[in-house]
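**Student:** got a structure for you, letters missing:
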């Protein structure tokens, strides 16, 4: 699907231009707010990737679908990479605003735990014999995702945090300037398209290597 490359390129260029030249400094954060248009989308895509890994994991268990196993594993790897990007960009933001890259803020702590969980998934998958790899990985992907809502959305809200207010605040409302909001929506869409494009290439490479056909993404 080559069209996805053109869409991602055009949207990425538009988002970068808007973030650099259109988005104004934010009150209290100044120009540092521009980091949010990278940090929030990669954090969102990490959750999406882990969700899709679990979804394809259950297909492995129900239908013994090896293409679903390839998709599940690829999505988990991408989720791990996007989580690392979210962690690094969050640490840079932390240094610029709080003076320290890491201070074990609740959101930093929970994302660290998430990295450990999915780092263990990747290690486990690499160590398991081929004949058992798909089923064990699928079970791990399903149970791992059960922790994601708690680590990303619930636990950080239970404790005081220096982290800026989420896009959707505690009362369920979006409090954001329209320019910020629409730019963020475009950035979220762009990063989502990038995720699907990367997943497509990884799975296509897997199918070519194995010489097998199956369902498309």
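**Tutor:** Received, thanks. Predicted model only: the values in this text are computed from it and were never measured.
**Student:** Return the helix or strand in the protein with minimum mean pLDDT.
**Tutor:** Least confident helix or strand, the chain: helix 155-158 with a mean of 88, by mean pLDDT, DSSP states H and E.
**Student:** Pick out the residue closest to the middle of this protein.
**Tutor:** Geometric centre of the chain, nearest residue: residue 46, 1.4 Å, by Cα atoms, centre = their mean.
**Student:** That one should be in a strand, yeah?
**Tutor:** No: counting by DSSP: H, G, I helix; E, B strand; the rest coil, residue 46 is not part of a strand but helix.
**Student:** got the contact list for it?
**Tutor:** Taking Cβ atoms under 8 Å, 6 or more residues apart in numbering as the criterion, residue 46 is in contact with 79-80, 82-83, 86, 114. Where you see a C-beta, it was placed from the backbone N, CA and C, and this is true even at glycine.
**Student:** Just the buried residues of those.
**Tutor:** 79-80, 82-83, 86, 114 (16 or more other Cβ atoms under 10 Å).
**Student:** Secondary structure added to the residues you listed, as JSON lines?
**Tutor:** Output for the buried ones among the contacts of residue 46, formatted as JSON lines (three-state DSSP):
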{"residue": "79", "secondary structure": "helix"}
{"residue": "80", "secondary structure": "helix"}
{"residue": "82", "secondary structure": "helix"}
{"residue": "83", "secondary structure": "helix"}
{"residue": "86", "secondary structure": "helix"}
{"residue": "114", "secondary structure": "helix"}
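**Student:** Quick check: of those, which lies closest to residue 70?
**Tutor:** Taking Cβ to Cβ as the measure, residue 70 lies nearest residue 79 of the buried ones among the contacts of residue 46, at 14.8 Å.
**Student:** Spatially nearest residue to residue 140, not counting backbone neighbours?
**Tutor:** residue 121 (5.3 Å; Cβ to Cβ, 6 or more residues apart in numbering).
**Student:** quick one: pLDDT of the one you found?
**Tutor:** Per-residue confidence for residue 121 comes out at a pLDDT of 97.
**Student:** Can you check what pLDDT the model gives residue 107?
**Tutor:** Residue 107 is assigned a predicted lDDT (pLDDT) of 91.
**Student:** tell me which element it is part of?
**Tutor:** Counting by DSSP states H and E, the element that carries residue 107 is helix 106-127.
**Student:** ok now do the residue nearest to residue 140, which residues does it touch?
**Tutor:** Per Cβ under 8 Å, 6+ apart, neighbours of residue 121: 76, 80, 137, 140-141, 144.
**Student:** 7 Å instead, please
**Tutor:** Residue 121 sits next to 76, 140-141, 144 when contact means Cβ atoms under 7 Å, 6 or more residues apart in numbering.
**Student:** now swap in residue 37 and tell me
**Tutor:** Residue 37 makes contact with 15, 19, 183-184, 187, according to Cβ under 7 Å, 6+ apart.
**Student:** Now find how far off-centre the one helix or strand it maps to is within its chain.
**Tutor:** In the assignment (DSSP H and E), residue 37 maps to helix 36-63. In terms of Cα atoms, centre = their mean, to the nearest Å, the centre of helix 36-63 is set 7 Å apart from its chain centre.
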